[in-house]
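Undergrad: coordinates for the following, if possible.
(chains A, B, C and D)
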Protein chains: 2
Amino acid sequence: MAVVDRRQQVLQAATKSFSLFGYKATTMDQVAKIANVGKGTIYTFFTNKEQLFDEILRDMMTEMKMIAEREIRRDKPFFDNLHRVLDALLEFRSEHELFIKLSQENREFGTPQAQEGLDKIESVVLEYIEREVELAIRQGEIKPCDPKIVSVVMFRLYIVLTAELNKTHTPLDKEQIKDYFRLFLAEGLAQ
Amino acid sequence: MAVVDRRQQVLQAATKSFSLFGYKATTMDQVAKIANVGKGTIYTFFTNKEQLFDEILRDMMTEMKMIAEREIRRDKPFFDNLHRVLDALLEFRSEHELFIKLSQENREFGTPQAQEGLDKIESVVLEYIEREVELAIRQGEIKPCDPKIVSVVMFRLYIVLTAELNKTHTPLDKEQIKDYFRLFLAEGLAQ
DNA sequence: AATTGACCGTATTAGTAAAATGGTCAGAAG
DNA sequence: CTTCTGACCATTTTACTAATACGGTCAATT
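TA: Take a look at the predicted model:
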């Protein structure tokens, strides 16, 4: 069995366990067991638990970035691109599971590593959105505004529509999420 | 000293303590001391700590409702009223202090009573916004949409602009908050 | 050379005694 | 008699300690 395979096995097992049980409740013994690997093997690829977690987050963000890049057409309007990226991201439930589990762990236990992980994801996503918003402003596609504020609002709107709303409301389907994104961000409520 | 005065003293002292230290860190001995009252006196007006807390929340919500009612002119447009109410509410820092302390307590310690209190406030506010949004839809002032979703989004937008943003951004002043409220809710970003 | 799991020191949890807190009420104050 | 109070009680929370679990290592094994 090649080296890459074992490394990948560990990575997959850890991703599964972090998504299922969160950071704290995931033990290295457990990861080794799921990966069908001796515990020591993990430490030939990753210096420690935190670094393993970090690598998973990095991979997740890389994949999300790839999804976004793949959907963005520079010749198309900003809101077209936004909806296409949104659409593609909404298909990737696996990324969301880890994100949602970390949110939950952070709320319930306040695990610092969960908080740090979420902050890292958020800052990367916000940076990305911010650059796109800046571009859209320069190209006159959207009104002049502070990209920092707009990116935060867009991100929170995404969280509200995909996750928070589900506590009191039946979950929205993909089309509804996109419709409300358009309503609030593009058109506004006013008749 | 009249009965009402003592009751009011207790209420004021408790509000102060809850706002300053949160629910859990507020002891009945402390409230009695601040109010210059024997501990037993508190229990002549309030059955227990939770009920005292509840009454304070109720008072707070009543005052917020009064502020809203005072600003709403039924003959004026929806967004006019929205901005006037927002403006008036943003002036009342005292209400916000308790709200912000409870948010913090909930995040840091997960005190159940803090969570319950916040939920209560949220549900009352959401109900209020929902009714207003329904009315605005019926009068054709805003586009047809689910009032439940719109009220949640409006509430979260308020939280983001007044509180969450301050972690990474210099706090917005009242005018900026109103501007962004208009931008996202009324007009939309699209040129 | 790559892999492993028993092993080590430290961090977390469970268990318990001590302290603090919510709530009561007999008696003091008016 | 009515109002108010703080010492008192039962229960919860905290501080301390012993037991367990965990992250990480490395000599032995494949």
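Undergrad: tell me the helices and strands packed up against the lowest-mean-pLDDT helix or strand in chain A.
TA: Sorting the helices and strands of chain A by mean pLDDT, DSSP states H and E puts helix A:93-109 at the bottom, at a mean of 88. Using 3 or more C-beta pairs under 8 Å, 6 or more residues apart in numbering or on different chains; DSSP states H and E as the contact test, the elements touching helix A:93-109 are helix A:3-21, helix A:49-71, helix A:112-138. (Glycine included, C-beta is placed from N, CA and C.)
Undergrad: the first one packs against which elements?
TA: What it means is helix A:3-21. In terms of contacts (3+ C-beta pairs under 8 Å, 6+ apart), helix A:3-21 is packed against helix A:28-35, helix A:39-45, helix A:49-71, helix A:93-109.
Undergrad: now do it, average pLDDT.
TA: The average pLDDT within helix A:3-21 is 91.
Undergrad: now the angle from that helix to helix A:112-138?
TA: Calculated by axes from the mean of the first three to the mean of the last three C-alpha atoms, to 10 degrees, helix A:3-21 forms an angle of 100 degrees with helix A:112-138.
Undergrad: got the angle for helix A:3-21 vs helix A:49-71?
TA: 90 degrees.
Undergrad: now do the buried residues in helix A:3-21.
TA: A:6, A:7, A:9, A:10, A:11, A:13, A:14, A:15, A:16, A:17, A:18, A:19 (16 or more other C-beta atoms under 10 Å in any protein chain shown).
Undergrad: redo the helices and strands packed on helix A:3-21 as CSV? Include mean neighbour count and distance to DNA strand C.
TA: Compiled in CSV, these are given as follows (neighbours: other C-beta atoms under 10 Å in any protein chain shown; distance: least, C-beta to the nearest atom of the strand, whole Å):
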stretch, mean neighbour count, distance to DNA strand C
helix A:28-35, 18, 7
helix A:39-45, 15, 2
helix A:49-71, 16, 11
helix A:93-109, 17, 8
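Undergrad: ok so, going back, weakest of the helices and strands packed on helix A:93-109 in terms of mean pLDDT?
TA: helix A:3-21 (a mean of 91).
Undergrad: do that helix and DNA strand D meet?
TA: No - with C-beta under 7 Å from any atom of the strand as the criterion, DNA strand D is not reached by helix A:3-21; the gap is at least 9.9 Å.
Undergrad: what does chain A put close to chain B?
TA: Proximity of chain A to chain B (C-beta under 8 Å from any C-beta of the partner chain) is limited to residues A:79, A:107-108, A:110, A:140-143, A:145, A:148-150, A:152-153, A:156-157, A:160-161, A:164-165, A:168-169, A:172, A:180, A:183-191.
Undergrad: I only care about those residues that end up buried; give me the PyMOL line for that.
TA: In PyMOL, this line selects whichever of these come out buried by 16+ other C-beta under 10 Å:
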select buried, chain A and resi 79+141+142+145+148+149+150+152+153+156+157+160+161+165+172+180+183+184+185+186+188+189+190
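Undergrad: ok, back up a step: would you turn the helices and strands packed on helix A:93-109 into TSV with distance to residue B:37?
TA: Rendered in TSV, the data for the helices and strands packed on helix A:93-109 read as follows (distance: least, C-beta to C-beta, whole Å):
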stretch	distance to residue B:37
helix A:3-21	49
helix A:49-71	52
helix A:112-138	41
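Undergrad: phi, psi of residue A:190?
TA: Main-chain dihedrals, residue A:190, degrees, to the nearest 10: phi -60, psi 140.
Undergrad: and it, what does it touch?
TA: Contact analysis of residue A:190 by C-beta atoms under 8 Å, 6 or more residues apart in numbering or on different chains lists B:79, B:141, B:142, B:143, B:186, B:187.
Undergrad: quick one on the thing from earlier: got the helices and strands packed on helix A:3-21 as CSV, with distance to residue B:39 columns?
TA: Converted to CSV, the helices and strands packed on helix A:3-21 look like this (distance: least, C-beta to C-beta, whole Å):
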stretch, distance to residue B:39
helix A:28-35, 50
helix A:39-45, 56
helix A:49-71, 48
helix A:93-109, 34
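Undergrad: of these, which is nearest residue A:133?
TA: Taking C-beta to C-beta, helix A:49-71 is the member of the helices and strands packed on helix A:3-21 nearest to residue A:133, at 13.4 Å.
Undergrad: re earlier: check the contacts of residue A:190 against chain A, which are close?
TA: With the criterion set as C-beta under 8 Å from any C-beta, the members of the contacts of residue A:190 near chain A are B:79, B:141, B:142, B:143, B:186, B:187.
Undergrad: out of the residues of chain A next to chain B, which sit inside helices?
TA: The helices, defined by DSSP state H, take in A:79, A:107-108, A:148-150, A:152-153, A:156-157, A:160-161, A:180 from these.
Undergrad: hmm, residue A:59 is touching residue A:11, no?
TA: Yes - assessed by C-beta atoms under 8 Å, residue A:59 is found in contact with residue A:11 at 7.3 Å.
Undergrad: residues from chain A in reach of DNA strand C?
TA: A:1, A:3, A:6, A:24, A:32, A:36-41, A:43-44.
Undergrad: what's the closest of these to residue A:67?
TA: Minimum distance to residue A:67 across the residues of chain A next to DNA strand C is 27.1 Å, recorded for residue A:6 (C-beta to C-beta).
Undergrad: residues touching the closest one, list them.
TA: Contacts for residue A:6 (C-beta under 8 Å, 6+ apart) come out as A:35, A:37, A:41, A:45.
Undergrad: need those in JSON lines (columns: distance to DNA strand D and pLDDT).
TA: Shown next, in JSON lines, are the contacts of residue A:6 (distance: C-beta to the nearest atom of the strand, whole Å; pLDDT from 0 to 100):
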{"residue": "A:35", "distance to DNA strand D": "13", "pLDDT": "96"}
{"residue": "A:37", "distance to DNA strand D": "12", "pLDDT": "95"}
{"residue": "A:41", "distance to DNA strand D": "8", "pLDDT": "96"}
{"residue": "A:45", "distance to DNA strand D": "12", "pLDDT": "96"}
